[in-house]
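Peer 1: Need the 3D shape of this:
(one chain, ligands or ions: 2)
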Amino acid sequence: MSRVLIADKLETAGIELLAAAGVEVDNRPGLKGDELKAAIRAADAVICRSQPKLTAEFFDEPGKCRAVARAGVGVDNIDVPAATRKGVVVMNTPGGNTVSAAEHTIALLLALARRIPVADATMKAGGWDRNKFVGTEVAGKTLGVVGLGRIGREVARRAKAMDMRVIALDPFVTAAKAAELGYETAANLDEMLPKVDFLTLHVPLGQDTKSLIGARELGLMKKTARVLNVARGGIVDEAALAAALAAGTIAGAGVDVFTAEPIVADNPLLKAPNIVLTPHLGASTLEAQENVAIEAAQLIADFLLKGQVANAVNMAAVNPAELAQVRPYVDLARRLGLLQAQIAQGAVRKASLTYRGELAGQKTRLLTAAFTAGLLEYRLSDGVNLVNAELLARERGIEIAESSSPKKGDFAALLHTEVETEQGTTVAAGTLFGDQYVRLVQLGPFRMEGYLDGVLLVFRHRDVPGLIGFVGTIFGTHKVNIAQMTVGRQAPGGEAIGILNLDGPPPEQAIAEVKAHPQISAVTVVKLPAAGELPTWLG
Ligand SMILES: NC(=O)C1=CN([C@@H]2O[C@H](COP(=O)(O)OP(=O)(O)OC[C@H]3O[C@@H](n4cnc5c(N)ncnc54)[C@H](O)[C@@H]3O)[C@@H](O)[C@H]2O)C=CC1
Ligand SMILES: O=C(O)CCC(=O)C(=O)O
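Peer 2: Ligands and ions are numbered 1, 2, ... in the order given. As a prediction, this is how the structure comes out:
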């Protein structure tokens, strides 16, 4: 039975979904340090929100754990590269809390504009002051939206409904698209900031967006402007914002997210004037929490029970129907990778894959990942799989290139691979016969019809009479059965290649005897999985 660790507070609807799917639930929110590590290792998958910081050390030895689902959007509390390196899929649930985060932004905007929190606190302390808390209308004011993704769009739409003018900034939103939605655009922050009365940020936290709004940017804004951050702590520099509020060069701020959460006592925002703070409540509605809990639980159940991958931030989506359709080709691609790893001499620099005929329209990224996994798994001790193969190749300086050509040649579908090393280039191409039988149809310049399973003895030779009999006799003498045999040649009497599929590993002595033949120039033993034997990540 698969086991799922719930490492954060999760709505019961998600937990019930997992239990109903027949998954064992280890519901222990709040675990930390070694306890959390042990619980992750013992689970097949983990569900979390933003609380646990799943840093690289949690993925050093992930044990059984193959997937993490974030019940929410931001995955900045998960070291995704570290998870990827260990082959752990990281998925999130974008969309489930979009409306809640947008509504919370609007709530902060209005609370700031009308000074509601401070008026409320004053009244509860016995005061009644109708002059001190004069606010500002938002209608007719300009809202700058940085990041016009899911949440940014919902905020902008609501702002428009309140008659605000919206200026958007997002590298993926063209001026034409923004105009269609009724918004203006700015070329960059410097152009936008002097124009806005309210600024709201809806970008993920990353290297480009850390301290996106610092002292210089705040200095470009009107003294009457207000800043909202419902995205991530650190996108607005906390010390710079606190200083600008204290100096009165910014009129107000609404902040939901902080560099350290829970907020630390010396966070300068706690003492800043004209600021409304909420403890990361953007997604804290019944609706959002139910949505993300159900979505995260469904993602994990589908992953564990059906092999489906959706919403992954570190691999291409795979659904069971698509996987079933391409599974034999994924198997072919991995076997070609394993073959190339054993015949290529020297350090691999580049692998180029060409998908021909019907394969051109398939999930080629998946097949390329499978080929790369085969190419690497022969040499790497770490578990290589579809998730981490391309990253592991990149880390080793191996370039992986793919191209497609729908033109059919001799085969309806063909996967042609070339591996370039410091010593030369090796070519291997394969196809499926009858949509399921994996076949090698080209090795180097030679055409053939070979099997890609078990132990292969590959020998380069001159095409002379009696040579095949010579090799056959050697293996007969050493009591190694030959299951299959194929020969490829360019012209009679010229250079040729032979491949024997042996029922077991050939003894060293037999190989030495084969090599001794004057017309045999090279012998390589290649070990491949048995026919139908799939890696765990494909089984
Ligand atoms: N406070 C809370 O409880 C919540 C916070 N969030 C935060 O909100 C963020 C945004 O969420 P979504 O809208 O769902 O993400 P999204 O991926 O739909 O949108 C992000 C947008 O930011 C844009 N972007 C990235 N870098 C940019 C830059 N330097 N300048 C301008 N635009 C840039 C992207 O092109 C994209 O359109 C999440 O990453 C998460 O950190 C999300 C949900 C709840
Ligand atoms: O889980 C939460 O409450 C936080 C939501 C959030 O920040 C996100 O989805 O990125």
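Peer 1: Domains in the protein, by residue range?
Peer 2: The chain breaks down by automatic domain parsing into domains covering 3-95+286-306, 98-277.
Peer 1: Of the ones you listed, which is nearest ligand 1?
Peer 2: In terms of CB to the nearest ligand atom, the element of the domains of the chain nearest to ligand 1 is domain 98-277, at 1.7 Å. Where you see a C-beta, it was placed from the backbone N, CA and C, and this is true even at glycine.
Peer 1: what mean pLDDT does the one helix or strand I40 maps to have?
Peer 2: Using DSSP states H and E, I40 falls within helix 33-42. Taken as a whole, helix 33-42 has an average pLDDT of 97.
Peer 1: Name the spans of this protein whose pLDDT lies under the cut-off.
Peer 2: By pLDDT under 70, the low-scoring segments of the chain are 381-382, 537-539.
Peer 1: Get me the contact residues on it for ligand 1.
Peer 2: 72-74, 94, 97-98, 101, 146-152, 169-172, 202-205, 208-209, 230-232, 256-257, 280, 282-283 (CB under 6 Å from any ligand atom).
Peer 1: any idea how far the residue nearest to the spatial centre of the chain lies from L323?
Peer 2: Ranked by distance to the mean C-alpha position of the chain (CA atoms, centre = their mean), the top residue is N314 at 0.8 Å. With distances taken as CB to CB, to the nearest Å, N314 is found 17 Å from L323.
Peer 1: thinking again about what came up before, after the helix holding I40, next one along is what?
Peer 2: strand 45-48.
Peer 1: thinking again about what came up before, tell me which of the residues of the chain next to ligand 1 fall in helices.
Peer 2: When DSSP state H is applied, the residues of the chain next to ligand 1 are split such that 98, 101, 150-152 fall in helices.
Peer 1: which of those residues count as buried?
Peer 2: 98, 101, 150-152 (16 or more other CB atoms under 10 Å).
Peer 1: pull the longest helix from this structure.
Peer 2: helix 320-343.
Peer 1: Alpha carbons only: can I get it in CSV?
Peer 2: Extracted in CSV, the C-alpha atoms of helix 320-343 (Å, rounded to 0.1, in the frame of the first residue of the first chain):
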residue,chain,number,x,y,z
PRO,A,320,-1.9,7.2,-18.3
ALA,A,321,-3.5,7.2,-21.7
GLU,A,322,-0.6,9.0,-23.4
LEU,A,323,1.9,6.9,-21.5
ALA,A,324,0.2,3.7,-22.5
GLN,A,325,0.4,4.9,-26.1
VAL,A,326,4.1,5.8,-26.1
ARG,A,327,5.3,3.3,-23.5
PRO,A,328,6.9,0.9,-26.1
TYR,A,329,8.6,3.9,-27.6
VAL,A,330,9.8,5.1,-24.2
ASP,A,331,11.2,1.6,-23.7
LEU,A,332,12.9,1.7,-27.2
ALA,A,333,14.4,5.2,-26.4
ARG,A,334,15.8,4.0,-23.1
ARG,A,335,17.3,0.8,-24.7
LEU,A,336,18.9,2.9,-27.4
GLY,A,337,20.4,5.2,-24.7
LEU,A,338,21.7,2.1,-22.8
LEU,A,339,23.2,0.7,-26.1
GLN,A,340,24.8,4.1,-27.0
ALA,A,341,26.3,4.3,-23.5
GLN,A,342,28.1,1.0,-24.0
ILE,A,343,29.3,1.4,-27.6
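Peer 1: Point out the other helices and strands that it packs with.
Peer 2: strand 348-357, helix 364-377, strand 413-421, strand 424-433, strand 437-443, strand 520-527 (3 or more CB pairs under 8 Å, 6 or more residues apart in numbering; DSSP states H and E).
Peer 1: what's V196 in contact with, if anything?
Peer 2: 142-144, 167, 221-222, 225 (CB atoms under 8 Å, 6 or more residues apart in numbering).
Peer 1: ditto for G248
Peer 2: G248 neighbours (CB under 8 Å, 6+ apart): K223.
Peer 1: residues near R460, how many?
Peer 2: Neighbour count of R460, defined by other CB atoms under 10 Å: 17.
Peer 1: So it is in contact with H517, correct?
Peer 2: No - with contacts counted by CB atoms under 8 Å, R460 stays clear of H517, the gap being 11.2 Å.
Peer 1: Contact partners for the residue nearest to A175 when sequence neighbours are not counted?
Peer 2: Distances taken as CB to CB, 6 or more residues apart in numbering put T185 closest to A175, at 4.6 Å, once the chain neighbours are dropped. Counting by CB under 8 Å, 6+ apart, T185 touches 167-169, 173-175, 178-179.
Peer 1: One more pass at 7 Å, please.
Peer 2: Neighbour list for T185: 167-169, 173, 175, 178 [criterion: CB atoms under 7 Å, 6 or more residues apart in numbering].
Peer 1: Of these, which count as buried by neighbour count?
Peer 2: 167-169, 173, 178.
Peer 1: May I see those residues arranged in JSON lines, with distance to E137 as well?
Peer 2: Output for the buried ones among the contacts of T185, formatted as JSON lines (distance: CB to CB, whole Å):
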{"residue": "I167", "distance to E137": "18"}
{"residue": "A168", "distance to E137": "22"}
{"residue": "L169", "distance to E137": "24"}
{"residue": "V173", "distance to E137": "27"}
{"residue": "A178", "distance to E137": "24"}
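Peer 1: which two in those are spaced the farthest apart?
Peer 2: Farthest apart among the buried ones among the contacts of T185 by CB to CB are I167 and V173. That separation is 11.5 Å.
Peer 1: got the contact list for the residue of the stretch 251-400 of the chain found nearest ligand 1?
Peer 2: At 2.5 Å from ligand 1, G282 is the closest residue in the stretch 251-400 of the chain, using CB to the nearest ligand atom. Residues in contact with G282 (CB under 7 Å, 6+ apart) are 100-101, 104, 230, 256.
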